[in-house]
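*Asks:* based on what follows, work out the 3D shape:
(one chain, ligands or ions: 3)
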Amino acid sequence: MKRLDTGSAEFEAGFVALLADRETESGRVDKPVAAILEDVRTRGDAAVCELTSKFDRLPLTPDRLRISAEEIDAETAKVPQDQIDALNVAASRIEAFHRAQLPKDMEFTDADGVTLGQRWNALDAVGLYVPGGKAAYPSSVLMNAIPAHVAGVERLAMCVPTPDGVLNPLVLAAAKRSGVTEIYRIGGAQAVGAMAYGTETIRPVDRIVGPGNAYVAEAKRQVFGRVGIDSIAGPSEVVVVADNQNNPRLVALDLMAQAEHDELAQSILITNDTAFGEAVAAAVETELKTLTRSAIASASWRDFGAIITVANWDEAAKLVDRIAPEHLELMLDDPKSVFAKVRHAGAAFLGRFCPEAVGDYVGGPNHVLPTSRTARFASGLSVYDFLKRTTYIAADREALEKIGPAGVTLANAEGLEAHALSISARLGNS
Ligand SMILES: NC(=O)c1ccc[n+]([C@@H]2O[C@H](COP(=O)([O-])OP(=O)(O)OC[C@H]3O[C@@H](n4cnc5c(N)ncnc54)[C@H](O)[C@@H]3O)[C@@H](O)[C@H]2O)c1
Ligand SMILES: N[C@H](CO)Cc1c[nH]c[nH+]1
Ligand SMILES: [Zn+2]
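*Replies:* Numbers count the residues shown, from 1 in each chain. Ligands and ions are numbered 1, 2, ... in the order given. Prediction:
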């Protein structure tokens, strides 16, 4: 873990290195991912099965790529009722938020008599990536599938790795709850490749969404263009901005909640009190002694964790914007005043009683969020990722007479005669 202080002469170099270290680490997977994608593109099912055997220790044949309806039913039946109830609480809240997000079509007739509009349509086929290498993510099934369903996507294909062939009952129950039946037991870059290029068994999709580790995130980046993607939703991140009125243990737990996802996860505390920062550092060490995923969380905290002391919250807001974290927690008396100064964060959690874990499961907004500083230009998964716009123009002769001549002038200026004629000929001018 790095300790940085904005008052120190070494701060800038240390802060730049903090961000750069992790980018370098994630960048190491680009070549292996390119090789996997090429293999899947050229050899289809055979490559997917071999790679699944290699990375998930699961020997597969093409006929077993898809999880059967009988397996889904049998696994779902094993889920205890309290988990089904919790899934329903989460699903209802996620659905309500994403329904409220649905955009409206637009149409108006302007002063020239031209009717202008914009219509939203759902995508035909979407691939949902649900992570499953180091942990199982039933919550990510809901976060992927519910907005797609709300948007009206017809075909949802889901990929989830099943290391050693072990199916996760709650993941399948979440899929059933969200109406997803086309599920493949594959993960990593090979799953992304299969959904992007298609194989003998898996039909290609139009867009791939969902979170994953560095291999999944890089694979999505590389297939972009062939298919759409939502964002680079890679190894988790949190920045906690906290004053010394907080319980150090609660701050430590919030930092560890992201660190336990992945060795490449990043947790950063920004505080205005060095002594409080040290109390949190000590609390982290205490928690790491007992956390079940201590090995992963310790590696993440050691390699990418940081405690930054700032002089004031304005400085904190500026640093947050430079980090553009996936998650931002503001554990302050007046979190909204600092939030108003922040422009780049995937999702924000305001107040001392709003840990990021609430957003992971039951808040309502999506937990699939941009990482690796891509929150500078990207947003979290939403219904918009499953919709696209078609604009339209309707004009009659009168309207064309008003706006057409300027179009003819511009077409001629561009030297595009057919363009000019297609307008002027309608107006009887050629
Ligand atoms: N940003 C978000 O919105 C968000 C949300 C949830 C989870 N996450 C992140 O998702 C990730 C989940 O990771 P995970 O590993 O548990 O599951 P995962 O499904 O993302 O990755 C597992 C797959 O990675 C591939 N893989 C592993 N090692 C490999 C190697 N050496 N070479 C090639 N491929 C390899 C395998 O194919 C395996 O199936 C974590 O990083 C977590 O932080 C992010
Ligand atoms: N924090 C993760 C996003 O980075 C999402 C998640 C799902 N389950 C638990 N956490
Ligand atoms: Zn989480």
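*Asks:* end to end, how far does stretch 422-430 reach?
*Replies:* 10 Å (C-alpha to C-alpha, to the nearest Å).
*Asks:* and that stretch, what's buried?
*Replies:* Neighbour counts over stretch 422-430 (16 or more other C-beta atoms under 10 Å) mark I423, S424 as buried. Heads up, the C-betas are built off the backbone N, CA and C, glycines and all.
*Asks:* now stretch 148-159
*Replies:* In stretch 148-159, counting by 16+ other C-beta under 10 Å, buried: A148, H149, V150, A151, V153, L156, A157, M158, C159.
*Asks:* which two among those are spaced furthest apart?
*Replies:* Farthest apart among the buried residues of stretch 148-159 by C-beta to C-beta are V150 and C159. That separation is 20.9 Å.
*Asks:* nearest residue to the residue of the chain found nearest ligand 1 other than its sequence neighbours?
*Replies:* Closest contact between the chain and ligand 1, by C-beta to the nearest ligand atom, is at G188 (2.1 Å). Among residues not flanking G188 along the chain, Y215 sits closest, at 5.0 Å (C-beta to C-beta, 6 or more residues apart in numbering).
*Asks:* residues contacting the helix-or-strand element of the chain with minimal mean pLDDT, please?
*Replies:* Sorting the helices and strands of the chain by mean pLDDT, DSSP states H and E puts helix 11-27 at the bottom, at a mean of 87. Helix 11-27 is contacted from outside by 2, 4-5, 214, 217-218, 234-235, 264, 266, 268, 303-304, 306, 308, 319, 322-323, 372-373, using C-beta atoms under 8 Å, 6 or more residues apart in numbering.
*Asks:* out of these, which sit inside strands?
*Replies:* In strands, defined here by DSSP state E, the members of these are K2, L4, D5, Q266, I268, A306, I308.
*Asks:* and stretch 269-278, how far out from the chain's middle?
*Replies:* Put simply, stretch 269-278 sits 30 Å off its chain's centre (C-alpha atoms, centre = their mean, to the nearest Å).
*Asks:* would you mark the buried spots in it?
*Replies:* L269, I270, T271, N272, F276, G277.
*Asks:* neighbours of the closest residue to the last one other than its chain neighbours, how many?
*Replies:* Closest residue to G277 in three dimensions, ignoring its sequence neighbours and counting by C-beta to C-beta, 6+ apart: I307, at 4.3 Å. For I307, the number of neighbouring residues by other C-beta atoms under 10 Å comes to 24.
*Asks:* what pairs with I307 across the strands?
*Replies:* For I307, the beta-bridge partners are R3, L269 (DSSP bridges).
*Asks:* correct me if wrong: it contacts M1.
*Replies:* Yes. Counting by C-beta atoms under 8 Å, I307 does reach M1; the two are 6.6 Å apart.
*Asks:* identify the contacts common to these two.
*Replies:* Counting by C-beta under 8 Å, 6+ apart, the residues touching both I307 and M1 are A281.
*Asks:* ligand 2 versus the residue nearest to G188, what's the distance?
*Replies:* Going from Y215 to ligand 2 by C-beta to the nearest ligand atom, to the nearest Å gives 16 Å.
*Asks:* how about N88?
*Replies:* 17 Å.
*Asks:* immediately after whatever helix or strand that residue lives in, which helix or strand?
*Replies:* Assigned by DSSP states H and E, N88 falls within helix 81-101. Next helix or strand after helix 81-101 toward the C-terminus (DSSP H and E): strand 106-109.
*Asks:* which other helices and strands contact that next one?
*Replies:* strand 115-122 (3 or more C-beta pairs under 8 Å, 6 or more residues apart in numbering; DSSP states H and E).
*Asks:* what about 10 Å?
*Replies:* In terms of contacts (3 or more C-beta pairs under 10 Å, 6 or more residues apart in numbering; DSSP states H and E), strand 106-109 is packed against strand 115-122, strand 387-394.
*Asks:* give me the number of residues near R57?
*Replies:* 11.
*Asks:* domain ranges for this protein, per the record?
*Replies:* Using automatic domain parsing, the domain parsing of the chain gives 2-27+235-367, 44-102+113-231, 395-430.
*Asks:* what ranges do the strands span in the stretch 201-350 of the chain?
*Replies:* 207-209, 228-229, 237-242, 266-271, 306-309, 327-331, 347-350 (DSSP state E, counting those that start in this stretch).
*Asks:* would the third one count as contacting ligand 1?
*Replies:* Yep, that's strand 237-242 we're talking about. No. On the criterion C-beta under 6 Å from any ligand atom, strand 237-242 is out of touch with ligand 1, staying 7.6 Å away.
*Asks:* can you offset everything so residue one is 15?
*Replies:* Yep, numbering from 15; the last one is strand 251-256 now.
*Asks:* for the stretch 15-164 of the chain, which residues are neighbours of ligand 2?
*Replies:* Counting by C-beta under 6 Å from any ligand atom, the stretch 15-164 of the chain sits next to ligand 2 at Y151, S153, S154.
*Asks:* and stretch 312-319, what's its mean pLDDT?
*Replies:* For stretch 312-319, mean pLDDT is 97.
*Asks:* is ligand 2 contacted by it?
*Replies:* No. Residues of stretch 312-319 are not located near ligand 2 by C-beta under 6 Å from any ligand atom, the shortest gap being 12.1 Å.
*Asks:* find the nearest non-adjacent residue to D19, please.
*Replies:* Using C-beta to C-beta, 6+ apart, the closest residue to D19 is T323 (4.4 Å).
*Asks:* wait, doesn't the one you found sit right on T285?
*Replies:* Yes. Counting by C-beta atoms under 10 Å, T285 is a contact partner of T323 at 6.2 Å.
*Asks:* joint contacts of these two?
*Replies:* Residues touching both T323 and T285 comprise G291, E292, A330, with contact defined as C-beta atoms under 10 Å, 6 or more residues apart in numbering.
*Asks:* out of those, which sit inside helices?
*Replies:* Among the shared contacts of T323 and T285, DSSP state H puts G291, E292, A330 in helices.
*Asks:* coming back round to it: CA atoms only for the least confident helix or strand of the chain, dumped as CSV, please.
*Replies:* Presented in CSV, the C-alpha positions along helix 25-41 are these (Å, rounded to 0.1, in the frame of the first residue of the first chain):
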residue,chain,number,x,y,z
PHE,A,25,3.3,13.6,-4.2
GLU,A,26,2.8,14.1,-7.9
ALA,A,27,5.3,11.4,-8.9
GLY,A,28,3.8,9.0,-6.4
PHE,A,29,0.3,9.6,-7.6
VAL,A,30,1.1,9.2,-11.3
ALA,A,31,2.9,5.9,-10.5
LEU,A,32,-0.1,4.7,-8.5
LEU,A,33,-2.3,5.0,-11.6
ALA,A,34,0.3,3.8,-14.0
ASP,A,35,1.2,0.6,-12.1
ARG,A,36,-2.2,-0.9,-12.5
GLU,A,37,-2.5,0.1,-16.2
THR,A,38,0.7,-1.7,-16.9
GLU,A,39,-0.5,-4.7,-15.1
SER,A,40,-3.8,-4.9,-17.0
GLY,A,41,-2.0,-4.2,-20.3
